[in-house]
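A.B. asks: dropping the sequence and predicted coords here.
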Amino acid sequence: MRREPENHLKQMLNLEVPGRRPRGRPKGRWRDGITRDMKQLHIEAEDAEDRSFWRKRTQAADLNLGTGASSLFHATELIKPK
């Protein structure tokens, strides 16, 4: 089920704030962080449509959360497509 374009939640996901940005590095959006994480783990958005495949891939990543950068590498090795 997809939300209508005028739905408040969908509008918030795609919110563009008017005005000038403050100096320094721009703050990242939630969606950009998710996209970056999915890219590192070699997960495509279409993979979410297959529930068992998605759970297998994301659970392998969850096992290694919070143990440093080497854990991300290990999680990536565990779930790389063969």
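C.D. replies: On my side now, so go ahead. Numbers count the residues shown, from 1 in each chain.
A.B. asks: need the residue closest to the centroid of the chain.
C.D. replies: residue 34 (1.8 Å; C-alpha atoms, centre = their mean).
A.B. asks: how much space between that residue and residue 15?
C.D. replies: Residue 34 is 16 Å from residue 15, where distance means C-beta to C-beta, to the nearest Å. Any C-beta I mention is one placed from the backbone N, CA and C, and that applies to glycine too.
A.B. asks: about what we covered before: quick one, what contacts the residue nearest to the centre of the chain?
C.D. replies: By C-beta atoms under 8 Å, 6 or more residues apart in numbering, residue 34 lies in contact with nothing.
A.B. asks: after the helix or strand where it lies, which helix or strand is next?
C.D. replies: In the assignment (DSSP states H and E), residue 34 maps to helix 30-40. Once helix 30-40 ends, the next helix or strand along the chain (criterion: DSSP H and E) is helix 51-62.
A.B. asks: got the angle between that next one and helix 30-40?
C.D. replies: If you take axes from the mean of the first three to the mean of the last three C-alpha atoms, to 10 degrees, helix 51-62 sits at 90 degrees to helix 30-40.
A.B. asks: packing partners of helix 51-62?
C.D. replies: Under the contact criterion of 3 or more C-beta pairs under 8 Å, 6 or more residues apart in numbering; DSSP states H and E, helix 51-62 touches helix 69-79.
A.B. asks: go with 10 Å
C.D. replies: helix 30-40, helix 69-79 (3 or more C-beta pairs under 10 Å, 6 or more residues apart in numbering; DSSP states H and E).
A.B. asks: mean pLDDT for the ones you listed: which is lowest?
C.D. replies: Note on the helices and strands packed on helix 51-62: helix 69-79 shows the lowest mean pLDDT, a mean of 49.
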